[in-house]
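when you get a sec, could you give me coordinates for this:
(3 chains)
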Amino acid sequence: MILTDVLGSRVYGPDATYLGRVADARFVLDQPPPGQLLAGARLQGLIVSPHSAGSFMGYERNNVNRPWPWAQLLKWWHRGSFLVLWADIKVMGPETVTLREGFSAHDPGLEGAGTA
Amino acid sequence: MKRLLGVALGILTAIGGFVDIGDLVTNAVVGSRFGMSLIWVVGVGVIGICLYADMSGRVAAVSGRATFEVIRERLGPRAGLANLGASFFINLMTVTAEIGGIALALQLVTSVHHLLWIPLAAFAVWLVIWRVRFKIMENVAGLLGLCLVVFGVALFLLNPDWGQLAGQALAPAVPQTENAAVYWFYAIALFGAAMTPYEVFFFSSGAVEEGWKTKDLVQSRINVLAGFPLGGMLSVAIAGCAAVVLLPAGIEVTSLSQIVLPVAEAGGKLALAFALVGILAATFGAALETTLSSGYTLAQFFGWSWGKFRSPVRAARFHLSMIVCLLVALAVLATGADPILITEYSVVFSAVALPLTYLPILIVANDPQYMGTNVNSRTINVAANIYLLIILAASLCAIPLMIITGAGA
Amino acid sequence: MSAAVLLFVLSQGLIACSAPFEQVAAGAVNQASSAVGTSVLSLDLLAREQAGTPAVGTSLEDMAGELEDARKGLLDKVPATAEERGLHREVINALVRAETALALARQALESKDSPAGDAHTPALRDARNALAASAKELEGLRQRLGTGR
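As a prediction, this is how the structure comes out:
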């Protein structure tokens, strides 16, 4: 499975309620580098957006709010989106993603330079 | 002194490089049918291209990322691919039109049929892209393109009724022989010709090719702000010549040979020779720029190594994709399709695709993480937003108007 | 994008079929009038030595294509009423006269540079006059029919 297969997939809660679509995948660079000039990335989780599977266009970072009105428009487009951690994903199948019982929805925003 | 020369050279290249087959044909058609009554669109288009070319150049100089790298990053894989599809298709159409334009200009010089010139023109374009250094390539084409100034000289020699021309330009109205839908269709075509997306693809990639840094921003801004408006004046002169000589004679431009007639009328064979050299240089230069742009967009989207600053062996897919593009253009032209018609469609489709290119640039030019203190000022953002509205309106109206008017026929 | 192109082509087909006859005729006259006007201007430039043979020759060749286009466009359209048939004949005749005059001009231009060229120079003037007459005729038709837009 490659990332493109996952992006746009429908996301369901443990009780089969529709939650949204996968808009993005969040990686953290905290692994030992696999080689020179490479960074060790670890999949932290998926960003689920209830209204659109489109790109955040960079507005997942909380401190970016220009230019008016596009920043506001794109943030509104992704209102209600949340981050689910890798550990909270039960099934990552083709077309759909199902979350574990008692999963927690985190704020998808990134602080500062987006390296958090 | 050397710096001053650099600035002057940059401006001259920008002037000569502004006009391509799209500007040439659209302005002459519009001049011969609407007089100066659509010239205001050239002004609107030139301000728009100045605004966004400057922005894309600034993004490239500060962040080191060319326009399509930015588009790929911000839009994500799917929307990005759709954008690439549309932009690439239109760019390929423009490549085809420019190569056809070279062949048509060569026919005017030699009277050998243009279909026979097409393979040679495409080969010459490839050879220059393969062998010639970026800086030399750009400067030679731009400087020779300055020969188009002869259209401005011709306009003066024709000694027109300036009051009447100014009247048409300042108080635009739809001529009685045309209807409003056709008028607005050509307004969009002119706008698309002035703001063609390849100009920013090329401009921003060129900034990376030439290794611009933040300290070069002043010079790049001078090039754009002086060069493009003066290049726009050339467009106006082309339209003006057609308005003065062809419009009263009931001649509507449908071929390149008609575009140069007013110049011959005004200045005889010598002026005609200048016009032909200028057209040849303008179309050849633009053929180089559009062919490179198709390589740039593909390579930047798929993450291949690109650039003329690398030897072809180090950017193999980049060079291969350009060869394929040239072959496709060659195949299309070999069917006998009229290059002028292809040009007219390419400028309208350019207008359709404008928002795809310009919105991502505006967004990234506002990103403090990329741009640091060089983010857009508030004034530029206001202007850019006004232009996005115009671009969006033109984009949405282009296809319906094309259908209603039968592409302006 | 391809859907847009397809839509466009289809709609053009529909529009071409549905346009009234008089409008099609007017469009053809307008196109021909522009082509003949261009040819006259080119020949005048040649006579005044303001343009060379390659440029003028190319221009005449392009205009021959335009005239052919205009005539073919009109031939595709079948006139329905007697009145339309009359107009059809009138316009087609004018177009044929224009094409003949232009063909004459192109021949004269071809032979201008041949060794026996001097003897033929009057042929260019004759062709120019024939084209000018055709331009006048087409202009008359255009005044009557409008531009078809």
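
measure B:Gln168 to chain C for me?
B:Gln168 sits 18 Å away from chain C, going by CB to the nearest CB, to the nearest Å. For the C-beta atoms, the positions are set from N, CA and C on the backbone; glycine is no exception.

for B:Trp212, that is, sorry about that
Distance of B:Trp212 to chain C, computed by CB to the nearest CB: 33 Å.

what's the answer for B:Phe123, then?
Relative to chain C, B:Phe123 is positioned 22 Å away (CB to the nearest CB).

next, give phi and psi for that residue.
As for B:Phe123, its main-chain torsions (degrees, to the nearest 10) stand at phi -60, psi -40.

what kind of secondary structure is the closest residue to A:Arg21 other than its chain neighbours in?
In space, not counting the residues next to it along the chain, A:Arg21 is nearest to A:Ala53; the distance is 3.8 Å by CB to CB, 6 or more residues apart in numbering or on different chains. Taking DSSP: H, G, I helix; E, B strand; the rest coil as the rule, one finds A:Ala53 in the coil state.

what does B:Phe284 give?
With three-state DSSP as the basis, B:Phe284 sits in helix.

contacts only, for it.
By CB atoms under 8 Å, 6 or more residues apart in numbering or on different chains, the contact list for B:Phe284 reads B:98, B:102, B:121, B:124-125, B:141.

which ones among those lie within helices?
Those of these mapping onto helices are B:98, B:102, B:121, B:124-125, B:141, per DSSP state H.

which residue is most remote from the mean position of chain A?
For chain A, the C-alpha lying farthest from the average C-alpha position belongs to A:Gln36; by CA atoms, centre = their mean, that distance is 27.8 Å.

next, the contact list for the closest residue to chain B within chain A, please.
Here the residue of chain A nearest chain B is A:Ser55; by CB to the nearest CB that distance is 3.7 Å. Under the criterion of CB under 8 Å, 6+ apart, the contact partners of A:Ser55 comprise A:23-24, B:74-76, B:79.

can you check B:Gly408 too?
So B:Gly408 contacts B:29, B:182, B:185-186, B:189, B:344, B:402 (CB under 8 Å, 6+ apart).

and the closest residue to it other than its chain neighbours, how far from B:Thr357?
Distances taken as CB to CB, 6+ apart put B:Phe185 closest to B:Gly408, at 5.0 Å, once the chain neighbours are dropped. When distance is defined by CB to CB, to the nearest Å, B:Phe185 is 22 Å away from B:Thr357.

neighbour-wise, which of those two wins?
For B:Phe185 and B:Thr357, the more surrounded residue by other CB atoms under 10 Å in any protein chain shown is B:Thr357, and the numbers stand at 28 against 25.

if I look at the more buried one, what pLDDT would I see?
As summarised for this prediction, B:Thr357 has a pLDDT of 90.

give me the element it is part of.
Taking DSSP states H and E as the criterion, the element that holds B:Thr357 is helix B:339-364.

quick check: longest helix of chain A.
Here the longest helix in chain A is taken by residue count, with DSSP H as the criterion, and it is helix A:70-77.

anything in that one near chain B?
Yes: legend: contact between helix A:70-77 and chain B by CB under 8 Å from any CB of the partner chain is shown at A:70-71.

now the angle from that helix to helix B:339-364?
Orientation of helix A:70-77 against helix B:339-364 (axes from the mean of the first three to the mean of the last three CA atoms, to 10 degrees) gives an angle of 80 degrees.

and residue 99, backbone torsions?
By default, I'm working from chain A. Reported as degrees, to the nearest 10, the phi and psi values for A:Leu99 are phi -100, psi 160.

okay, and the beta partners of it?
In this entry, A:Leu99 is beta-bridged to A:Ile89, by DSSP bridges.

which SS state does A:Leu38 fall under?
Using three-state DSSP, the secondary structure recorded for A:Leu38 is coil.

near it, how many other residues are there?
Neighbours of A:Leu38 under the rule other CB under 10 Å: 8.

got it, and B:Lys215?
Other residues lying near B:Lys215 total 8 when counted by other CB under 10 Å.

next structured bit after the longest helix of chain A?
strand A:82-85.

can you list the residues that contact that next one?
By CB under 8 Å, 6+ apart, the list of residues contacting strand A:82-85 from outside reads A:11, A:26, A:44-48, A:99, A:103-108.

from those residues, pick the one nearest C:Pro54.
Distances from C:Pro54 to the contacts of strand A:82-85, taken as CB to CB, are shortest for A:Ile47 (63.7 Å).

doesn't that closest one lie inside a helix?
No: with the criterion set as three-state DSSP, the secondary structure at A:Ile47 is strand rather than a helix.

from chain C, how far out is it?
The value you get for A:Ile47 to chain C, if CB to the nearest CB is used, is 30 Å.

ok, B:Asp338 next?
Per CB to the nearest CB, B:Asp338 is found 9 Å from chain C.

which stretches of chain C have low pLDDT?
Screening chain C residue by residue with the criterion pLDDT under 70, one finds the ranges C:1-18, C:114-122.

likewise chain A?
In the prediction, chain A carries residues with pLDDT under 70 at positions A:112-116.

90 instead?
Filtered on pLDDT under 90, chain A yields the residue ranges A:1-8, A:23-25, A:29-41, A:51-68, A:70-71, A:73-75, A:77-80, A:91-95, A:102-116.

residue numbers of it in contact with chain B?
Counting by CB under 8 Å from any CB, the residues of chain A close to chain B are A:4, A:7-8, A:24, A:54-55, A:57-58, A:61, A:63-64, A:66-71, A:113-114.

one more time with 10 Å, if that's ok
On the criterion CB under 10 Å from any CB of the partner chain, chain B has as its neighbours in chain A the residues A:3-4, A:7-8, A:23-24, A:53-59, A:61, A:63-71, A:74, A:112-115.

which of the residues you listed fall in helices?
Using DSSP H, the residues of chain A next to chain B in helices are A:3-4, A:70-71, A:74.

what's the closest of the residues you listed to C:Leu87?
Closest approach between those and C:Leu87, by CB to CB: A:Trp70, at 56.4 Å.

and the contacts of A:Ser55, which is closest to C:Glu49?
Nearest to C:Glu49, judged by CB to CB, of the contacts of A:Ser55 is B:Leu75 at 57.7 Å.

give me the phi and psi for the closest one.
Torsion angles, degrees, to the nearest 10, at B:Leu75: phi -90, psi -20.

likewise A:Leu37?
As for A:Leu37, its main-chain torsions (degrees, to the nearest 10) stand at phi 60, psi 10.

and the closest residue to B:Glu252 other than its chain neighbours, what is it in contact with?
Here the nearest residue to B:Glu252 in space, its sequence neighbours aside, is C:Ser34; by CB to CB, 6+ apart that works out to 4.5 Å. Listed by CB atoms under 10 Å, 6 or more residues apart in numbering or on different chains, the contact partners of C:Ser34 are B:32-33, B:246, B:249-254, B:258, C:63, C:66-67, C:70, C:135, C:138, C:142, C:147.
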